[in-house]
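Undergrad: Sequence and computational prediction follow.
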There are 2 protein chains.
Amino acid sequence: MEVVDVSLGRRSYRIHIGPGLMRDANLLNATVSARQVLIVTNDVVAPLYLDGLRAVLQDRELRTVVLPDGERHKTLDTFSRIVDELIDGNFHRDACLVALGGGVVGDVAGFAAACYQRGIDFLQMPTTLLAQVDSSVGGKTAVNHPRAKNMIGAFYQPIGVVADTDSLRTLPPRELSAGLAEVVKYGLILDLELFEWLEKNMEALLALDPAALAHAVRRSCEIKAAIVAEDEQERGRRALLNLGHTFGHALESIGRYEKWLHGEAVAIGISLAASTSRALGWLGADDCARIDALLRRARLPVAAPGIDADEMLSHMSRDKKAGREGLKLVLLERIGRGVVTPAPDDALLRGVLA
Amino acid sequence: MEVVDVSLGRRSYRIHIGPGLMRDANLLNATVSARQVLIVTNDVVAPLYLDGLRAVLQDRELRTVVLPDGERHKTLDTFSRIVDELIDGNFHRDACLVALGGGVVGDVAGFAAACYQRGIDFLQMPTTLLAQVDSSVGGKTAVNHPRAKNMIGAFYQPIGVVADTDSLRTLPPRELSAGLAEVVKYGLILDLELFEWLEKNMEALLALDPAALAHAVRRSCEIKAAIVAEDEQERGRRALLNLGHTFGHALESIGRYEKWLHGEAVAIGISLAASTSRALGWLGADDCARIDALLRRARLPVAAPGIDADEMLSHMSRDKKAGREGLKLVLLERIGRGVVTPAPDDALLRGVLA
């Protein structure tokens, strides 16, 4: 088992990474002190792992909510359904909510944990690569508004993260690739060494080599934990983690959250951010080719043919990171060094998008 | 103008108390830095004060939500309506939400500010005595669940509180009295001197004497600010502020939030807490009589004739402060000294309630 500590004073917690952790009764019983436990999961994950987890936590007062799978259920209605279940069970303030699933389950369950009685314990058990390397770490919880993603949420830290890398064995290949987009992102913004390691180990990751997976998850969590410890509420440096995300969110929105998985949209967004960095003279053509090559080897898209540049720009200007100083973008000074910067003018962006 | 500082590190803020503050352009412009401002108020307060406040903030990008008045609108639906308005206005993360009204407006608007884009600026402008001495200070925000009060919420501190004591002149007398219940509470739990001051000045308060009102609001805010600074998230000492509230919440629930105002239910609850303290031998009969006399002089009820003791106990056991150690109550060792203590056995409570 590998561990990564997230240092946030009284809200510090530990990320546990490794095979078989979902069945590790000692670990789970040491992490969850509550007597009342609500497990929130979805109808894809439940048949695979729910019974096992219930068995490990059998001495607790257990309840379960099984959500339908999919981003379109990351809504205030789903949040209400979880709260109803907590109230039905007469759950107290010292209860614990366990999120067993991917990013959608973690985000909506985390938001419910943040709000129920103004905050109860919350354990993340991410079962997708994307959730293990990104969404389960750092305390961002949210639901979508019909007109905009992640508009309603809270910064709320879990009491721990238990990332069982065995769960990646049941992940559809497309979702494994989507998670790799975020791992590539960490290398690009902060860690040339990780980027180079990915260039050497991409096939091992796709083949689900346990040591390679554990390394990729641990290194990603270390980078994210360090940034979050420095800037929990994204007032500055944490925005670096949005490399590819402003473009990506616009693509997701244009594709109505159906055409691309989040990680796929981020991969295209990373490629667009690299091209933008090149248009500014920061990256060379060889850097862009190298980035696209690694994303392609991860079986990710690097372009969105037929996308309308004006539609993209319009969606990007509505990005929730846009403040009164206008839109900011994360771009690359070089591979391994991202910077948060005011977006270049529309003419330049239109050229990149064309 | 009187000021009270709430010391919470980076989340510290100032409470401004005095007549005419709602029209104080310098104060409001110095407090609100945002360009985009959403004022949330209700249909009782809006005709009295909304135009004046809009005039003071006229150089901002202003939007307004006018809610129907009343506790039954403190719901997730109302929360959604406020969020919709923020999205309609394309409000960014650096926007500010201003809550102009009583406790319901402050609680639901505060929760919306806490959740919109995971938190935007939030200014409290309480217009009732209850809100000025209690609910606007300390960062508790929430909406009600159909089956339980304040079940969905957040600890979220405002950037400031502007309490214009002139607004108390338009307050129905019954609501003024309801606010006084919380002032009496502060005296009982922590400040014999305040309790004695109230015994001398109750008539001045009821007559809306400006100096008396300013003193009562300031001293209440000072006591609450000190407790909140010590225990922001109610893990210990902050529970003292719940004197009369466990009984009171049960009464409100039994009365379907229509029979008693919150402050009236709290007044009855304070009297019941005093009787319970007496049954334990902590207070004397003279103390109880003195407490009831002061509450009566504030034109508050001190008993709930016809209430069923079993129904009360059943509601109290569902109180959200009940944890796995069972129900706790705030009782009085003497006037000016409250203690948080495990609830005495049901037989004793039944005797008090009978």
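TA: On my side now, so go ahead. Numbers count the residues shown, from 1 in each chain, chains lettered A, B, ... in the order given.
Undergrad: What is the neighbour count of residue A:245?
TA: 23 (other CB atoms under 10 Å in any protein chain shown). No exception for glycine: its C-beta is placed from N, CA and C like everyone else's.
Undergrad: what's near enough to touch it?
TA: Contacts for residue A:245 (CB atoms under 8 Å, 6 or more residues apart in numbering or on different chains) come out as A:266, A:269, A:330.
Undergrad: so can I have CSV of those residues showing distance to chain B and pLDDT?
TA: Shown next, in CSV, are the contacts of residue A:245 (distance: CB to the nearest CB, whole Å; pLDDT from 0 to 100):
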residue, distance to chain B, pLDDT
A:266, 20, 98
A:269, 20, 98
A:330, 16, 97
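Undergrad: Among the residues you listed, which one has the most neighbours?
TA: residue A:266 leads the contacts of residue A:245 on contacts (other CB under 10 Å) with 30 neighbours.
Undergrad: Would you mind listing what in the stretch 151-300 of chain A touches chain B?
TA: A:151, A:152, A:153, A:154, A:155, A:233 (CB under 8 Å from any CB of the partner chain).
Undergrad: thinking again about what came up before, mind putting the contacts of residue A:245 in CSV, distance to residue B:29 and secondary structure included?
TA: Listed next are those as CSV, based on distance: CB to CB, whole Å; DSSP: H, G, I helix; E, B strand; the rest coil:
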residue, distance to residue B:29, secondary structure
A:266, 41, helix
A:269, 39, helix
A:330, 34, strand
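Undergrad: Quick check: end-to-end length of stretch A:149-169?
TA: 29 Å (CA to CA, to the nearest Å).
Undergrad: Mind listing what's buried along that stretch?
TA: A:149-168 (16 or more other CB atoms under 10 Å in any protein chain shown).
Undergrad: next one: stretch A:254-270
TA: Going by neighbour count (16+ other CB under 10 Å), the buried part of stretch A:254-270 is A:254, A:257, A:260-270.
Undergrad: chain center to it: distance?
TA: With CA atoms, centre = their mean, to the nearest Å as the basis, stretch A:254-270 stands 13 Å off its chain's centre.
Undergrad: Can you give me every residue that contacts the closest residue to residue A:326 other than its chain neighbours?
TA: Of all residues not flanking residue A:326 in the chain, residue A:342 sits nearest, at 6.2 Å (CB to CB, 6 or more residues apart in numbering or on different chains). The contact partners of residue A:342, by CB under 8 Å, 6+ apart, come to A:325, A:326, A:327, A:328, A:329.
Undergrad: Produce a PyMOL select command limited to the buried residues of those residues.
TA: Typed into PyMOL, the next command selects the buried ones out of the contacts of residue A:342 (criterion: 16+ other CB under 10 Å):
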select buried, chain A and resi 327+328+329
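Undergrad: got JSON lines for the contacts of residue A:342, with secondary structure too?
TA: Below are the contacts of residue A:342 laid out as JSON lines (DSSP: H, G, I helix; E, B strand; the rest coil):
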{"residue": "A:325", "secondary structure": "coil"}
{"residue": "A:326", "secondary structure": "strand"}
{"residue": "A:327", "secondary structure": "coil"}
{"residue": "A:328", "secondary structure": "strand"}
{"residue": "A:329", "secondary structure": "strand"}
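Undergrad: Mind putting the contacts of residue A:342 into CSV with pLDDT?
TA: Below are the contacts of residue A:342 laid out as CSV (pLDDT from 0 to 100):
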residue, pLDDT
A:325, 72
A:326, 80
A:327, 89
A:328, 92
A:329, 95
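Undergrad: of all the contacts of residue A:342, which comes closest to residue B:40?
TA: residue A:325 (25.8 Å; CB to CB).
Undergrad: Is the closest residue to the closest one other than its chain neighbours bridged to anything, and to what?
TA: Excluding its sequence neighbours, the residue lying closest to residue A:325 (CB to CB, 6+ apart) is residue A:342, at 6.9 Å. Beta-bridge partners recorded for residue A:342 (DSSP bridges): residue A:328.
Undergrad: which intervals of the stretch 201-350 of chain A have sub-threshold pLDDT?
TA: Counting by pLDDT under 70, the stretch 201-350 of chain A shows low-confidence ranges at A:319-324.
Undergrad: Please enumerate the helices of it.
TA: For the stretch 201-350 of chain A, the helices defined by DSSP state H, counting those that start in this stretch cover A:210-230, A:245-254, A:262-279, A:285-297, A:309-317, A:346-353.
Undergrad: from those helices, which stretch is densest packed?
TA: Comparing the helices of the stretch 201-350 of chain A by mean neighbour count (mean count of other CB atoms under 10 Å in any protein chain shown), helix A:262-279 ranks first with a mean of 26.
Undergrad: between it and helix A:285-297, how big is the angle?
TA: 170 degrees (axes from the mean of the first three to the mean of the last three CA atoms, to 10 degrees).
Undergrad: And stretch A:22-34, what's buried?
TA: Quick answer for stretch A:22-34 (16+ other CB under 10 Å): A:22, A:24, A:27, A:28, A:31, A:32, A:34.
Undergrad: got JSON lines for those residues, with pLDDT, distance to residue B:315 and secondary structure too?
TA: Shown next, in JSON lines, are the buried residues of stretch A:22-34 (pLDDT from 0 to 100; distance: CB to CB, whole Å; DSSP: H, G, I helix; E, B strand; the rest coil):
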{"residue": "A:22", "pLDDT": "96", "distance to residue B:315": "40", "secondary structure": "helix"}
{"residue": "A:24", "pLDDT": "97", "distance to residue B:315": "41", "secondary structure": "coil"}
{"residue": "A:27", "pLDDT": "97", "distance to residue B:315": "39", "secondary structure": "helix"}
{"residue": "A:28", "pLDDT": "97", "distance to residue B:315": "35", "secondary structure": "helix"}
{"residue": "A:31", "pLDDT": "97", "distance to residue B:315": "34", "secondary structure": "helix"}
{"residue": "A:32", "pLDDT": "97", "distance to residue B:315": "30", "secondary structure": "coil"}
{"residue": "A:34", "pLDDT": "97", "distance to residue B:315": "24", "secondary structure": "coil"}
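Undergrad: Relative to chain B, how far out is the residue nearest to residue A:343 when sequence neighbours are not counted?
TA: Leaving out its chain neighbours, the residue that sits closest to residue A:343 by CB to CB, 6+ apart is residue A:327, at 4.3 Å. Counting by CB to the nearest CB, to the nearest Å, the gap from residue A:327 to chain B is 11 Å.
Undergrad: What of residue A:97?
TA: Taken as CB to the nearest CB, the span from residue A:97 to chain B is 14 Å.
Undergrad: thinking again about what came up before, looking at the contacts of residue A:342, spot the one nearest chain B.
TA: residue A:325 (8.7 Å; CB to the nearest CB).
Undergrad: And the strands in the stretch 1-150 of chain A, which stretches?
TA: Applying DSSP state E, counting those that start in this stretch to the stretch 1-150 of chain A gives strands spanning A:2-6, A:13-18, A:36-42, A:61-67, A:96-101, A:121-126, A:140-145, A:148-155.
Undergrad: what is residue A:123 paired to in the beta sheet?
TA: Going by DSSP bridges, residue A:123 forms beta bridges with residue A:98, residue A:160.
Undergrad: In contact with the residue nearest to the spatial centre of chain A, which residues?
TA: Geometric centre of chain A, nearest residue: residue A:135, 2.7 Å, by CA atoms, centre = their mean. Residues in contact with residue A:135 (CB under 8 Å, 6+ apart) are A:102, A:103, A:106, A:107, A:126.
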